[in-house]
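# Next comes the sequence, and after it the predicted model I'd like to discuss.
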Amino acid sequence: MRLDHLVIAVRDLDAATRDYTALLGRSPSWRGAHPTYGTANTLFRIDNTYIELLALNAGGKKNARWAGELARFLDENGEGLYAVALGVDDVDHTARLMRERGLDVLDPADGSGVDEMTQAHRAWRNAQVRVASSHGARLFFIQHHSPADALPPAPLVAAAGAGEAVRRLDHIVVLSADMEAARQLWEDVLGVRLALDRTFPERNTRILFFRLEDITVEISGGAQQAKEGIGKPDRLWGAAFGVDDLSATVARLNRAGVDVSGPRAGIKPGTLVATVKGPHTHGLALLLIEHTAQSFREESRLPQGAAFDNAPERRAFTLRALDHVVLSTADVDATAARWRDVLGLGTRSVQEPAGTHMRIADIPAGNCFIELVQPLSDDHRVARAISGRGAGMFSISVEVDDLDAAVSHLRSKRVPVSDAEPGVWAGTRIARVHRTASNGVSLQLIERR
Amino acid sequence: MIEKLHHVGVVVRDIDQALAFYRDTLGLDVHKLETIDDQGVRAALLTLGDSEIELLQPVRADTGVARYLDRRGEGLHHVCFQVSDIDGDLRDLKAAQVELVDQEPRIGLAGRICFLHPSALDGTLVELCAPIATEPAAEDA
């Protein structure tokens, strides 16, 4: 399943076409009408999808199903993101499959259109999903009969230089008051991959990130949406379009009289974003996004969470912070002096805890501390490490909220970890993860009482 | 002036395999995963309280990280401290004739960075960084 195209409902097709030509920096790929639907449209093909502006056709049949539904949407919601078309290879098969999964899908039907500018012809077969069964987000499945190049890329307008035009769709945003229902629809019914489930506590928002090839569908729920109440329909709300040079794009839009705020840093590291406001967007919440750093490879150009699918499962334990870093040395006092002289980090204490055969120093470093360790016997494991790899980084110690839970959870995952024991620092218990499990890192888990 | 420990760098052979432990088993969140061709590394940054674990995988043979992996295998590579004035600190280090890898700050994953030579601190490779400030975004679509 792919994100085939977005449909934006507009009242005045000519005005919307002018505005989107300015916004995108591209002229339409297509202008046409759907005689059997009672609608007319303008299409803009960009790199990874196309954008359809859809309006009622003045001369068309108002009672046609598509026209009637569009008219109702415009009356009730005004202009805005109207539908998401999901591309499939065999729409009849998809319709059957989705019905088996409980989705209310209308019978697939053939459709076609003619471009007013070139008289080119395109044909497809699509099947609508009743909005009641998709919680309000209007979806339909589409299988194109015409080859992809029947809809040519939207050409750059003269005013848009390289990098100043919209290149691709980055993500769309759906607001939901019932996140579990939305998750079921997109994951269990539509079968789209849930890449990331993340809560942003500071914004009181939870976002589910679904991935359709290189386009992300963000289902966003939080305080604002919950206020409207569970059971309220999901709302197709916004879209983020990728540009190569956001500053230049914003400057171009300002010259064209479009209200844009930004650029500013986006939530995803390495991104710059700008929000387009005002009447030009025709009800679409519209963000422009640039993935910065040209030398970064493809994966950083993918949308948020592209390759880092953080597991959403509830944790048996939590790693709270880096507690300290252990450095081995043949002479604690000499190394402590270097840390003071070179980095300005002074030593808090030097001690030789009984029974440890170690001389250790404690150097505070703001959010954690550096522990210097000098072995006092030749067969000490720190002495062996120094003779093997030389002095320097020896291990890191990470604070856990519940050491016993951590040890038993890790053992259930077949991670070799030592029994919990009292640590050398007062009020601590520790356990060691064997470095074969942690990519060569000697990792100590520490619990503070 | 050191403000905090910013991250600990770990050299690994295969980031995806390492993430199976650090992300999936330990439960650390990855907040950045990028390949930086200039530096010949693929890097994953995992949040650990107010510091980070930085996993580094060499993607080219002609880099320091690749040579480190060849010679010493996977493991702890460097520790990075966030400083308030990287230009001033580097100037002071040069004046004190501390051995340096970088004579001037350069752009790295953690912002403007520089490395000290490991011999300066008895075998530990230390990086200093000054993150590049980004304003918070409130209303991203």
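Ah, there it is. Numbers count the residues shown, from 1 in each chain, chains lettered A, B, ... in the order given.
# Report the closest residue of the stretch 251-400 of chain A relative to chain B.
Residue nearest to chain B within the stretch 251-400 of chain A: A:Ala321 (2.9 Å; C-beta to the nearest C-beta). All C-beta atoms are positioned from the backbone trio N, CA, C, and that covers glycine.
# which SS state does that residue fall under?
Three-state call for A:Ala321 (DSSP: H, G, I helix; E, B strand; the rest coil): strand.
# What ranges does the stretch 301-449 of chain A have for its helices?
Along the stretch 301-449 of chain A, the stretches classed as helices by DSSP state H, counting those that start in this stretch are A:332-343, A:381-389, A:403-412.
# could the ones you listed be laid out in TSV, adding distance to chain B?
TSV is the format used below for those (distance: least, C-beta to the nearest C-beta, whole Å):
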stretch	distance to chain B
helix A:332-343	4
helix A:381-389	6
helix A:403-412	7
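# would CSV of those helices with mean pLDDT and mean neighbour count be doable?
Listed next are the helices of the stretch 301-449 of chain A as CSV, based on pLDDT from 0 to 100; neighbours: other C-beta atoms under 10 Å in any protein chain shown:
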stretch, mean pLDDT, mean neighbour count
helix A:332-343, 96, 18
helix A:381-389, 90, 16
helix A:403-412, 92, 17
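# ranges for the strands of chain B?
Secondary structure of chain B (DSSP state E): strands located at B:2-11, B:30-36, B:41-48, B:51-58, B:75-83, B:106-108, B:111-115, B:126-130.
# A:Asp197: which of the ones you listed is closest?
Between A:Asp197 and these, the shortest gap by C-beta to C-beta is with strand B:30-36, which sits at 13.8 Å.
# Please identify the buried residues of the closest one?
B:Val30, B:Lys32, B:Leu33, B:Glu34, B:Thr35, B:Ile36 (16 or more other C-beta atoms under 10 Å in any protein chain shown).
# Got the confidence number for the first one?
Reading off the confidence values, B:Val30 has pLDDT 84.
# That one bridge partners, please.
Beta-bridge pairing for B:Val30 (DSSP bridges): B:Leu46.
# Over to the fifth one?
Residues found in beta-bridge contact with B:Thr35 (criterion: DSSP bridges) are B:Arg42.
# close enough to count as contact, it and B:Val41?
Yes: here B:Thr35 reaches B:Val41: they are 7.4 Å apart, a contact under C-beta atoms under 8 Å.
# hey, what's in contact with both of the two?
By C-beta atoms under 8 Å, 6 or more residues apart in numbering or on different chains, B:Thr35 and B:Val41 have these common neighbours: B:Val59.
# Can you give me the domain boundaries for chain A?
A:2-301, A:319-448 (automatic domain parsing).
# By mean pLDDT, show me the worst of these.
Of all those, domain A:2-301 has the smallest average pLDDT, which comes to a mean of 87.
# quick one, what contacts the residue of chain B found nearest chain A?
Chain B approaches chain A most closely through B:Gly49 (2.9 Å), counting by C-beta to the nearest C-beta. If a contact means C-beta under 8 Å, 6+ apart, then B:Gly49 has A:Leu319, A:Arg320, A:Ala321, A:Leu322, A:Asn367, A:Glu399 as its contacts.
# A:Ala85 too?
Applying C-beta under 8 Å, 6+ apart, the residues near A:Ala85 are A:Leu3, A:Asp4, A:His5, A:Leu6, A:Val7, A:Glu52, A:Asn126, A:Leu139, A:Phe140, A:Phe141, A:Ile142.
# ok, 7 Å please
Contacts for A:Ala85 (C-beta atoms under 7 Å, 6 or more residues apart in numbering or on different chains) come out as A:Asp4, A:His5, A:Val7, A:Phe140, A:Ile142.
# same check, this time on A:Leu327
A:Leu327 neighbours (C-beta under 7 Å, 6+ apart): A:Ile370, A:Leu372, A:Gly392, A:Met393, A:Phe394, B:Thr124.
# okay, those residues in JSON lines with distance to A:Asp378 and neighbour count next?
Below are the contacts of A:Leu327 laid out as JSON lines (distance: C-beta to C-beta, whole Å; neighbours: other C-beta atoms under 10 Å in any protein chain shown):
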{"residue": "A:Ile370", "distance to A:Asp378": "24", "neighbour count": "24"}
{"residue": "A:Leu372", "distance to A:Asp378": "19", "neighbour count": "29"}
{"residue": "A:Gly392", "distance to A:Asp378": "19", "neighbour count": "21"}
{"residue": "A:Met393", "distance to A:Asp378": "21", "neighbour count": "27"}
{"residue": "A:Phe394", "distance to A:Asp378": "16", "neighbour count": "24"}
{"residue": "B:Thr124", "distance to A:Asp378": "22", "neighbour count": "25"}
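# Among those, pick out the one closest to A:Val166, please.
Distances from A:Val166 to these, taken by C-beta to C-beta, are shortest for A:Met393, at 46.9 Å.
# got the angle between the helix or strand of chain B with the lowest mean pLDDT and strand B:51-58?
The weakest-scoring helix or strand in chain B, judged by mean pLDDT, DSSP states H and E, is strand B:30-36 (a mean of 81). With axes from the mean of the first three to the mean of the last three C-alpha atoms, to 10 degrees as the basis, strand B:30-36 and strand B:51-58 are set at 30 degrees to each other.
# What is strand B:30-36 packed up against?
When contacts are defined as 3 or more C-beta pairs under 7 Å, 6 or more residues apart in numbering or on different chains; DSSP states H and E, strand B:30-36 packs onto helix A:298-301, strand B:41-48.
# what bridges to A:Leu322?
A:Val398.
# State the number of residues packed around it.
25 (other C-beta atoms under 10 Å in any protein chain shown).
# in which helix or strand would I find the residue nearest to A:Leu208 when sequence neighbours are not counted?
In space, not counting the residues next to it along the chain, A:Leu208 is nearest to A:Ile219; the distance is 4.2 Å by C-beta to C-beta, 6 or more residues apart in numbering or on different chains. Assigned by DSSP states H and E, A:Ile219 belongs to strand A:215-222.
# which residues are in contact with that strand?
Taking C-beta under 7 Å, 6+ apart as the rule, strand A:215-222 contacts A:3, A:48-49, A:169, A:171-177, A:179, A:182, A:186, A:203-210, A:303-304.
# got it, and stretch A:281-288?
Contacts of stretch A:281-288 (C-beta under 7 Å, 6+ apart): A:8, A:10, A:16, A:19, A:78-81, A:173, A:237-241, A:243, A:246, A:249, A:273-276, B:140-141.
# I'd like to know which of those are part of helices.
A:Ala16, A:Asp19, A:Leu246, A:Thr249 (DSSP state H).
# export those residues to JSON lines and tack on distance to chain B and neighbour count?
Formatted as JSON lines, those follow (distance: C-beta to the nearest C-beta, whole Å; neighbours: other C-beta atoms under 10 Å in any protein chain shown):
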{"residue": "A:Ala16", "distance to chain B": "19", "neighbour count": "23"}
{"residue": "A:Asp19", "distance to chain B": "18", "neighbour count": "20"}
{"residue": "A:Leu246", "distance to chain B": "13", "neighbour count": "25"}
{"residue": "A:Thr249", "distance to chain B": "16", "neighbour count": "28"}
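# Distance of the residue nearest to B:Ala66 when sequence neighbours are not counted relative to A:Ser397?
Ranked by C-beta to C-beta, 6+ apart and with sequence neighbours excluded, the top spatial neighbour of B:Ala66 is B:Pro58, at 3.6 Å. Note on B:Pro58: its distance to A:Ser397, by C-beta to C-beta, to the nearest Å, is 27 Å.
# cool, A:Gln119 as well?
Relative to A:Ser397, and taking C-beta to C-beta, A:Gln119 is found at 73 Å.
# When the two are compared, which one has more neighbours?
A:Ser397 (22 against 8).
# Isn't A:Met179 up against A:Thr205?
No: A:Met179 lies out of contact with A:Thr205 (C-beta atoms under 7 Å); the separation is 10.4 Å.
# Please consider this matter closed, and thank you.
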